[in-house]
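Trainee: Only the shape, not the letters, is given here:
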């Protein structure tokens, strides 16, 4: 079993590699069906992690949460960070309360690990230490990559200060790293 240590912001996962900027990617839903297309047209490897997240409409809830928690400067920093970025639908299902900034900050820090961790760097059974100080587990099953119980629906969205892996659930920072299934 491998353990990764974390630093000021990052998250990680998936086996699909960014095919190029200005593209779209279908996203898998929890039940395996396909949802709306993830529009990556405004993203670029020359943007920061935060700038790339801001350019993807389906990550607007994450961006709003980062702003509410006062983490904009941290995610705009040098990094590198790996960010496991929940979709808007994931945030809606989780019922995250943006007014509880301490809890929100802890939830968001659980989605970030230190380093530029690409999907190919992950292995089954790997444990990653998140910026919240808790550990999350990686599992690989064929072409599926998971962090705790969340599916990575898009991986390796490169940025100047790290990488984004889009996930379909909000992770809940509790002992054992269980996914919030509200």
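Mentor: Done, it's in. Just so we're clear, the structure is a prediction, and the values are computed from it rather than from any experiment.
Trainee: So, low pLDDT: which residues of this protein?
Mentor: 1-36, 174-182 (pLDDT under 70).
Trainee: which residues in it form strands?
Mentor: Ranges of strands within the chain are 3-4, 24-28, 34-39, 81-86, 112-114, 127-129, 135-141, 144-147, 150-159, 162-167, based on DSSP state E.
Trainee: What strands flank the longest one, and is each parallel or antiparallel?
Mentor: Within its sheet, strand 150-159 is paired with strand 144-147 (antiparallel), strand 162-167 (antiparallel), according to DSSP bridges.
Trainee: just these: most buried one?
Mentor: strand 162-167 (a mean of 29; mean count of other CB atoms under 10 Å). Yep, even glycine has a C-beta here, placed from its N, CA and C like the rest.
Trainee: Give me the angle between that strand and strand 81-86.
Mentor: 20 degrees (axes from the mean of the first three to the mean of the last three CA atoms, to 10 degrees).
Trainee: Now do strand 162-167: distance to the chain's middle.
Mentor: In terms of CA atoms, centre = their mean, to the nearest Å, the centre of strand 162-167 is set 5 Å apart from its chain centre.
Trainee: what do you get for stretch 109-119?
Mentor: Distance, centroid of stretch 109-119 to centroid of chain: 8 Å (CA atoms, centre = their mean).
Trainee: how long is it from one end to the other?
Mentor: Distance between the two ends of stretch 109-119: 20 Å, counting by CA to CA, to the nearest Å.
Trainee: likewise stretch 71-79?
Mentor: End-to-end distance of stretch 71-79: 13 Å, with CA to CA as the criterion.
Trainee: which residues sit against that stretch?
Mentor: For stretch 71-79, the external contacting residues (CB atoms under 8 Å, 6 or more residues apart in numbering) are 8-10, 48-51, 53, 66, 81, 83, 105, 108-109, 112, 116, 160-162.
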